[in-house]
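Novice: take a look and give me a structure for this.
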Amino acid sequence: MRESAKRAKGSTVLYATLKAFHLLAVIVWVGGMAFMLFCLRPAARVLEPPARIALMHAAIRRFLAVVAVAIAVIFVCGAAMVAIAWSAASRAGLRFNMPLDWYVMFAVFFVMLAVFVHIRAVVFGRLDAALREQRWADGASALGAIRWEVSANLVLGVFVTVLVRLGGTA
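Specialist: Numbering: from 1, shown residues only. The predicted structure is shown next:
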């Protein structure tokens, strides 16, 4: 097997592996948001405010940690896939033109990242303080803010997933 054919096969396998990890991380993030909004949150309503806020705080704290890892995987794998596509075009003597849906994916990713950072750095801090100080109304308010921001991110995540699937280039 020629060296260039081996390199192409290796790039294809690497690209497919990166794409699989990228997709799995997206599933964790988007699926986790859907679970939190549509399953955990409604089920927690049967609890009294102190128990509900403590449960949601613990679940959200864990979810934010998992999503932080998923975000890193999404970014690293996405950047690596773009680099592989750019390198392949360059080796073939072609100019690399990133598809429009990739640009949209990058833009939506950074908007979703900003929302995540706001939840983690600001709103979750308010929830944490409310729980520590047993201010249940403030805790419920923080949970409401988190719900709205997670809802926005879920809509964005579903949008970009559908766009990429319909675009067919990613």
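
Novice: host element of the residue positioned nearest the centre of the chain?
Specialist: The residue lying closest to the centre of the chain (CA atoms, centre = their mean) is Trp29, at 4.2 Å. Here Trp29 sits within helix 3-35, counting by DSSP states H and E.

Novice: show me what that helix is packed up against.
Specialist: On a contact count with 3 or more CB pairs under 8 Å, 6 or more residues apart in numbering; DSSP states H and E, helix 3-35 meets helix 49-91, helix 136-167. Just so you know, the C-beta spots here come from the backbone N, C-alpha and C atoms, and that holds for glycine as well.

Novice: so which of those comes closest to Pro99?
Specialist: Distance to Pro99, taken as CB to CB, is lowest for helix 136-167 among the helices and strands packed on helix 3-35, at 6.8 Å.

Novice: from Ser11, how far out is Ala92?
Specialist: 12 Å (CB to CB, to the nearest Å).

Novice: typed the wrong thing, it's Val160
Specialist: Distance from Val160 to Ser11, counting by CB to CB: 25 Å.

Novice: more neighbours: the two, which one.
Specialist: The neighbour comparison of Val160 against Ser11 (other CB atoms under 10 Å) goes to Val160, with 23 against 15.
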